[in-house]
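> dropping a prediction and its sequence here:
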Protein chains: 2
Amino acid sequence: MKDRVSEAVIRRLPRYYRFLCELERAGTERVSSGDLSREMRLNASQIRQDFNCFGGFGQQGYGYHVRTLRSEIGKILGLNRSYSAVIVGVGNIGAALAHYAGFEKEGLRIAALFDADAAMVGKVVGGLAIRSLSEFEAFISLEGADVGIIAVPKDAAQALADRMVAAGVRSIWNFAPVDVAAAVPTENVHMSDSLHILTYRLNNIQEAIEPKK
Amino acid sequence: MKDRVSEAVIRRLPRYYRFLCELERAGTERVSSGDLSREMRLNASQIRQDFNCFGGFGQQGYGYHVRTLRSEIGKILGLNRSYSAVIVGVGNIGAALAHYAGFEKEGLRIAALFDADAAMVGKVVGGLAIRSLSEFEAFISLEGADVGIIAVPKDAAQALADRMVAAGVRSIWNFAPVDVAAAVPTENVHMSDSLHILTYRLNNIQEAIEPKK
């Protein structure tokens, strides 16, 4: 593997992975970079270049073996391991995340829920009793956490990120609608970005030039 | 504006918009493409090229006026208008979306909630009584909907997308963990993509080479 894989390549890997999972489910055995290119609307030579960052995967002229490629990209993404996560903030988004059964399949195990609101402590959500945020550091020092999920209001997000890092959480997945910065791997989820792309498209398709409203 | 703006440029616009909102809140008046470049980790010439797709915005050597640029990009994204949305599926994610107050600020007004489960009908979530999915077509033909939000299990997602388009919904924002395709503007939200990028980084930072577990 190359020493430094570019941000852009890394960001495409989950898309490759998703697409290959679909092909595998559909029973497809082999796929060419040309097929991937058409279906994923990426340049075929870019796809080959991306895969070359990780040593290739394919035999020229034969295409890629779907299951092998899916499994190799899964390994690169670290999906062959499992990860423990804690959720802080059990409002609507926190509760939705706590309930989401799909995480298990991704190898993400929600180990604990925390909330700063004393009225929430003890309530059971997704099979876990909510703990007081005051117990956070003690819990992390005992159990550790691979992923700290931030689901608090945006004004509290950065301070919580700092607190997570200080406590020893190994990465941050932030759902508060504001970017947080941290010294550990951090992903800020921006749901409104995809809404803005939708509104862009609504205003740039033919029928939308003269909106009805 | 150019006739055809590339997908990659469109996908960067919400990031520019978010970053400019932050600068405006911080009271910053002017910003150079160099500053944007450093903060957003994009090439400065790419930023200038992106803005040129929409006619420029800046005076050479003076940088960009933050509020004007934020407002212009907001207009391009269609954020100067408001949009009506319906949510179908009021499970955890649907309920989280129904409760999320931030949408109002984005100009997105949730007009109605629908669920196929008769036991859910009539329950009030986020101030709206859940309607039966059997009323969907009648509601849309009367009220219309700019955005149809899909929050049903993944096996039901594509059929729902088809039904939304047939009913006259103008765009689709899909939160089911599977891609849907439709003849209207469609955004598939993939929360697991950012999780996979986190797990990639967890496995590719120095300390993670020998994981403790």
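That came through fine.
> and A:G34, how many residues sit next to it?
A count of nearby residues for A:G34, using other CB atoms under 10 Å in any protein chain shown, gives 11. No exception for glycine: its C-beta is placed from N, CA and C like everyone else's.
> contacting residues for it?
With contacts taken as CB atoms under 8 Å, 6 or more residues apart in numbering or on different chains, A:G34 has the following neighbours: A:A44.
> okay, it: pLDDT?
A:G34 carries a pLDDT score of 86 in this model.
> does it count as helix, strand or coil?
With DSSP: H, G, I helix; E, B strand; the rest coil as the basis, A:G34 sits in helix.
> mean confidence (pLDDT) on the longest strand along chain A, please.
Longest strand in chain A, counting residues (DSSP state E): strand A:108-115. Along strand A:108-115, the predicted confidence averages to a pLDDT of 97.
> the longest helix along chain A: which residues count as buried?
If you go by DSSP state H, chain A has its longest helix at helix A:7-25. Buried residues in helix A:7-25, counting neighbours by 16 or more other CB atoms under 10 Å in any protein chain shown, are found at A:9-10, A:12-14, A:16-20, A:23-24.
> re earlier: which helices and strands sit right next to the longest strand of chain A?
Strand A:108-115 sits against strand A:83-88, helix A:92-99, strand A:128-132, helix A:136-143, with contacts defined as 3 or more CB pairs under 8 Å, 6 or more residues apart in numbering or on different chains; DSSP states H and E.
> is the last one in proximity to chain B?
No - for helix A:136-143 and chain B, the contact criterion (CB under 8 Å from any CB of the partner chain) is not met; the two come no nearer than 11.0 Å.
> CA atoms of that helix as CSV?
Coordinates of each C-alpha in helix A:136-143 appear next as CSV, following Å, rounded to 0.1, in the frame of the first residue of the first chain:
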residue,chain,number,x,y,z
PHE,A,136,-18.2,9.4,31.3
GLU,A,137,-14.5,9.6,32.2
ALA,A,138,-14.7,6.7,34.6
PHE,A,139,-16.5,4.5,32.0
ILE,A,140,-14.0,5.3,29.2
SER,A,141,-11.0,4.7,31.5
LEU,A,142,-12.4,1.3,32.3
GLU,A,143,-13.9,0.2,29.0
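> and it, how far from the chain's centre?
The offset between the C-alpha centroid of helix A:136-143 and the centroid of the whole chain comes to 24 Å, using CA atoms, centre = their mean, to the nearest Å.
> after it, next one along is what?
Tracing the chain past helix A:136-143, the next element assigned as helix or strand by DSSP states H and E is strand A:147-150.
> just give me how far that next one sits from the chain centre.
So, by CA atoms, centre = their mean, the centroid of strand A:147-150 is 11 Å from its chain's centroid.
> so is it next to chain B?
Yes - looking at strand A:147-150 against chain B by CB under 8 Å from any CB, the contacts come from A:V147.
> other SSEs contacting that strand?
Applying 3+ CB pairs under 8 Å, 6+ apart, one finds that strand A:147-150 makes contact with strand A:83-88, helix A:154-167, strand A:172-174, helix B:191-204.
> hmm, who's touching the helix or strand just after the shortest one?
Scanning forward in sequence from strand A:172-174, with DSSP H and E defining helices and strands, the next element found is strand A:186-188. Residues from elsewhere that reach strand A:186-188, judged by CB under 8 Å, 6+ apart: A:161, A:171-174, A:178-180, B:194-195, B:197-198.
> just name the closest of these to B:V31, please.
The closest of those to B:V31 turns out to be A:D179 (CB to CB; 16.3 Å).
> quick check: the closest one vs chain B, distance?
Here the distance between A:D179 and chain B works out to 8 Å (CB to the nearest CB, to the nearest Å).
> same check on A:S171?
5 Å.
> need phi/psi at the residue lying closest to that residue once chain neighbours are set aside.
Closest residue in space to A:S171, ignoring its immediate chain neighbours: A:P185 at 4.2 Å, by CB to CB, 6 or more residues apart in numbering or on different chains. Torsion angles at A:P185 (phi, psi; degrees, to the nearest 10) stand at phi -50, psi 130.
> A:V124 now?
Here is the backbone geometry of A:V124 (degrees, to the nearest 10): phi -100, psi 120.
> so it bridges to which residues?
For A:V124, the beta-bridge assignment (DSSP bridges) gives partners A:A129.
> what is the burial count for it?
Using other CB under 10 Å, A:V124 is surrounded by 10 other residues.
> which residues are in contact with stretch A:111-120?
Contacts of stretch A:111-120 from elsewhere in the structure, counted by CB under 8 Å, 6+ apart, are A:84-90, A:94, A:98, A:121, A:125-126, A:128-133, A:135-136, A:139, A:143, A:145, A:152, A:156.
> that stretch spans what distance, first to last residue?
Using CA to CA, to the nearest Å, the span of stretch A:111-120 from its first residue to its last is 17 Å.
> and stretch A:35-51, by the same measure?
Terminal residues of stretch A:35-51 are spaced 15 Å apart (CA to CA).
> do stretch A:74-81 as well
One end of stretch A:74-81 to the other measures 10 Å (CA to CA).
> what is the least confident helix or strand in chain A?
Sorting the helices and strands of chain A by mean pLDDT, DSSP states H and E puts helix A:102-105 at the bottom, at a mean of 82.
> hmm, A:G126 is touching A:A96, no?
No - proximity of A:G126 to A:A96 does not meet the contact threshold set by CB atoms under 8 Å, at 9.4 Å.
> no more questions from me, cheers.
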